[in-house]
Structures are given as structure tokens and as C-alpha cells.
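K.L.:
Structure for the following, please:
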Amino acid sequence: MNHRTARADARAKGVVRGAAARGTAVRGPAVRRAAVRRPHRIGRRWALAGACALLAGLVLADRVAAGVAEGRMGDRIAARQSSLVAAPSVSIGGFPFLWNAASGTYPEVTVDGRAQTEDGLPVTASVDLHDVSKTAGGYEAAGARAEFKVPLDALAAKRGPGVRLTGHDGRLEITRSVMGVPLVVTAALTLTGDTVTLEPAAASLAGRPLDPANPQIAAALKAAERKIPALPLGLVPSGISVDAGAVTVRGEARDVGIPGLPGET
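P.N.:
Numbers count the residues shown, from 1 in each chain. Take a look at the predicted model:
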């Protein structure tokens, strides 16, 4: 190696060492700034996690309070409604519940329960109360709608042995044996005031068509008319329908006084 080559190699090594030193000098402050930012990021993450935990705790507390109030309301309604066979299931709508409870208003309260009529018919009831507010005498709902379902099997048992009731196309089909021959009468259910009436639509005996206006058929359907028992909460019957398994009576009311709502003492 000659002197010129040695000097060139020395200059090249110097350039490389200078560039490396400058790179180290440039990276040094950036690394320090990144190290300073990491604690702030960790702090923000912990703050976010804490806020989420607090929010979840508030939601849980709100739901627990609502559940306690719903259970207490169900017990009090059961104490006032002797026809119920068990405490009803109560759902208080609106979130947050605690805010509504503090203001004394609830947008919706739903009550589902099982009851029994005086003559032993089982009834499944569902009542929706809207715009419930606190009053001087307790609580009041601006409106209420309800459905009361009675199984067809239970109704058939009340008509005597050998009677079968089925719902078909919104009409009631009544089947019974007459001297060993099946008599089938199809009737439409109508509501007249608080009385359920049956209007004959078709009839057959042993598969042969009969005149549904036959006096004997009309008399039998007249005897099957039934007065709806007084509905709770001042509900007034507003409609009736039948499906494959049950007869459903609907009721409505305005300005309904409600016993046993949350906060009652």
C-alpha cells in the first residue's frame, strides 16, 4: 500500500466516524423525548380504564336499584291483587333508573303475571303502563294497555267432557260428539260491552254441512256467551281474538291509579 492509498483510507474512516457521531447526536434528544412521552401515555390509559370501570359500576348500581324496586313493586301488587297466583314480574323502563326515581317519573312499567278467575280459569296477564308519575295519592299512569290470555283447553274443560276448542283463521272451532257423531261449529268471537258473544259462521254434522243459523246451534252458542270478569286497575275490555291455543282479551284505560310503585311507604 502506498502513502496516497493510506491517506485515502484514513479520510474515509474519519468521515464514517463523524457521520456516526452526528447520528448519535441527532437520535439522542428524540429518544429522550419518547421516554418522556411514555409515562403520559400510560397515565392516559390508566385514566381511560378508570373511567370505563366507573361507568360500568354506575350502570350496575342503576340496574341493581331498578331490580330491587321491581321486586318490591311486584310483591306489593301481589298483596293487592288476590287473583294472582304468584308475585308478578315487573320491568321498569327508562335509563338511568335512579334519575327517574329521583324525579318521580317512569316512561314505562310492564307487569306480567299469572292469575286465576273465580271459577278457576287460568289467565296469563301482561299490562303496559305509560307515562307513570308521582301524585299526592301515590302514582298514576297516563294510559294502560293489557292482554289477558285464557287457554282453550281450560275453556273446553268448562264446557264438559268431549268438547274440543281450537282456533283457526281468527275464529273459534267447537267440536263435540252428538250420539257418537262429530258436530263441528265455527263461530266468530265478538265483544259487546263486557260480554263475549259467538256468531255462527259454519257448521257440519258427520262432515255434512248444516245451516249455521239453525235454532239449536244458535241456542247453544247463546248459552256459551260469557261475561268478562272485572279487570284490574280499572281496565275496560276493548277487544277479543283467538289463536291456535288461547283466547285473548284486550283492555285499555286512562289515568290509572297504581298501587305499590317504587318509593311508596
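
K.L.:
C-alpha from now on. contacts and neighbour counts both.
P.N.:
Will do.

K.L.:
just checking, residue 154 touches residue 123?
P.N.:
No: between residue 154 and residue 123 there is no contact under CA atoms under 8 Å: 9.8 Å.

K.L.:
Below-threshold pLDDT in the stretch 1-150 of the chain: ranges please.
P.N.:
Along the stretch 1-150 of the chain, the model assigns pLDDT under 70 to residues 1-74, 76, 78-80, 94-103, 137-138.

K.L.:
Leaving aside the residues adjacent along the chain, what's closest to residue 226?
P.N.:
Excluding the flanking residues, the one nearest residue 226 by CA to CA, 6 or more residues apart in numbering is residue 196, at 5.2 Å.

K.L.:
shaky segments in the stretch 151-265 of the chain?
P.N.:
Residues of the stretch 151-265 of the chain meeting the criterion pLDDT under 70: 259-265.

K.L.:
now the helices for it?
P.N.:
For the stretch 151-265 of the chain, the helices defined by DSSP state H, counting those that start in this stretch cover 152-158, 215-223.

K.L.:
about what we covered before: which of residue 154 and residue 123 has more residues huddled nearby?
P.N.:
residue 123 (23 against 15; other CA atoms under 10 Å).

K.L.:
three-state assignment of that one?
P.N.:
strand (DSSP: H, G, I helix; E, B strand; the rest coil).

K.L.:
In contact with residue 84: list those residues for me.
P.N.:
78, 113-116 (CA atoms under 8 Å, 6 or more residues apart in numbering).

K.L.:
Dig out what it forms beta bridges with.
P.N.:
When bridges are called by DSSP bridges, residue 84 pairs up with residue 115.

K.L.:
Any figure for the gap between residue 197 and residue 142?
P.N.:
31 Å (CA to CA, to the nearest Å).

K.L.:
Who has more neighbours out of these two?
P.N.:
Neighbour totals were compared for residue 197 and residue 142, and residue 197 leads with 19 against 15 (other CA under 10 Å).

K.L.:
My guess is the more buried one contacts residue 191. True?
P.N.:
Yes: between residue 197 and residue 191 a contact is recorded at 6.2 Å, counting by CA under 8 Å.

K.L.:
Mind listing what's buried along stretch 143-157?
P.N.:
Using 16 or more other CA atoms under 10 Å as the test for burial, stretch 143-157 gives 143-152, 155-156.

K.L.:
and which of the residues you listed is nearest residue 225?
P.N.:
Relative to residue 225, the closest of the buried residues of stretch 143-157 is residue 155; by CA to CA it sits at 12.0 Å.

K.L.:
quick revisit: TSV for the helices of the stretch 151-265 of the chain, including distance to residue 82?
P.N.:
Shown next, in TSV, are the helices of the stretch 151-265 of the chain (distance: least, CA to CA, whole Å):
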stretch	distance to residue 82
helix 152-158	20
helix 215-223	29
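
K.L.:
closest to residue 128 out of those?
P.N.:
helix 152-158 (24.0 Å).

K.L.:
what number of residues lie near residue 192?
P.N.:
Neighbour count of residue 192, defined by other CA under 10 Å: 12.

K.L.:
What's opposite it in the beta bridge?
P.N.:
Going by DSSP bridges, residue 192 forms beta bridges with residue 195.

K.L.:
How much space separates it from residue 225?
P.N.:
For residue 192, the distance to residue 225 (CA to CA) stands at 10 Å.

K.L.:
Likewise for residue 83?
P.N.:
Counting by CA to CA, the gap from residue 83 to residue 225 is 22 Å.

K.L.:
Look at those two and report which has more neighbours.
P.N.:
Higher neighbour count among residue 83 and residue 225: residue 83, with 17 against 13, using other CA under 10 Å.

K.L.:
I figured that one hits residue 119, correct?
P.N.:
No: taking contacts as CA under 8 Å, residue 83 lies outside contact range of residue 119: 11.0 Å.

K.L.:
what comes up buried for stretch 154-168?
P.N.:
Of all the residues in stretch 154-168, those buried under the rule 16+ other CA under 10 Å are 155-156, 163-167.

K.L.:
cool, stretch 118-137 as well?
P.N.:
Going by neighbour count (16+ other CA under 10 Å), the buried part of stretch 118-137 is 122-130, 132-134.
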